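Colleague: Below is the sequence, then the predicted model.
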Amino acid sequence: TSYLPLYRYNGLDWDTLGLFGNKVITAVVYHDTLIVGGVFDHVRNSTAVSIACYADGAWHPYGTFSNGVSQGVIQRLRVIDDTLYALGIFETADGQYCQSLAQRVGGHWEPVPGWSELTLNADPWLMEIIRYQGKLIVSGNFSSQDLTLKDMLQYDGNAWVPVCNGCLMGGMDGVGSMVEYQGYLYVGGIFFYATGNAGQGIMRWN
């Protein structure tokens, strides 16, 4: 059996922290615990699918993410305002319908308010989440059947609505990364058009 290692650096040397059955895509520290996500289906000598936490010198499962008959994929883990979010490609998290976006509440995963009620095309691929100007913003590759909701949405406290109307379009990956810098929201990914301003892979929003 082949494994893909996860390494850690102590300031002088690298050592192997874990041997995973497939790729680790994302990692975050949440409440002093290292949590990783990806497409792995096990860690050597431990059972952990898609997501795992490192505690007491060993890897442990950290929830169950499913995409129907197959395992879910964790694309991104983010901590925002002391809440841990998981994004990727999955239908359910800990048995609850989440549509590729879940939040950690207590010792389990739950849907994010309003998100699961959206009517999106099958298998939305969510890649990033950020809080900007007081609102949660989610990005990725997804759309509603009428295309009024696409690739970037923000939560206004009552509903998920477009950040802008048709300002980012195209590309098979959509908006893959977001960061705030000096008051602007920067986005990167595979897209080719923004309203009134041609953009190639990176844009900023004020």
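Modeller: Nice, thanks for sending it over. Numbering: from 1, shown residues only.
Colleague: Help me confirm that W205 comes into contact with G183.
Modeller: No - using C-beta atoms under 8 Å, W205 is not in contact with G183; the gap is 10.4 Å. Backbone N, C-alpha and C define where each C-beta goes, glycine included.
Colleague: Which one's more surrounded, the two?
Modeller: Set W205 next to G183 and count neighbours by other C-beta atoms under 10 Å: W205 wins out with 18 against 9.
Colleague: any idea of the pLDDT on the more buried one?
Modeller: Listed pLDDT for W205 reads 83.
Colleague: what about this protein, any weak spots by pLDDT?
Modeller: Residues of the chain meeting the criterion pLDDT under 70: 1, 166-173, 192-199.
Colleague: Skipping adjacent residues, who's closest to the residue nearest the centre of it in space?
Modeller: With distances taken as C-alpha atoms, centre = their mean, L87 lies nearest the centre of the chain, 2.6 Å away. Leaving aside its chain neighbours, L87 sits nearest to L126 (3.9 Å; criterion: C-beta to C-beta, 6 or more residues apart in numbering).
Colleague: Mind telling me what element the closest residue to I80 other than its chain neighbours is part of?
Modeller: Spatially, and ignoring its direct neighbours in sequence, I80 is nearest to R131 (5.2 Å; C-beta to C-beta, 6+ apart). Per DSSP states H and E: R131 is located in strand 125-132.
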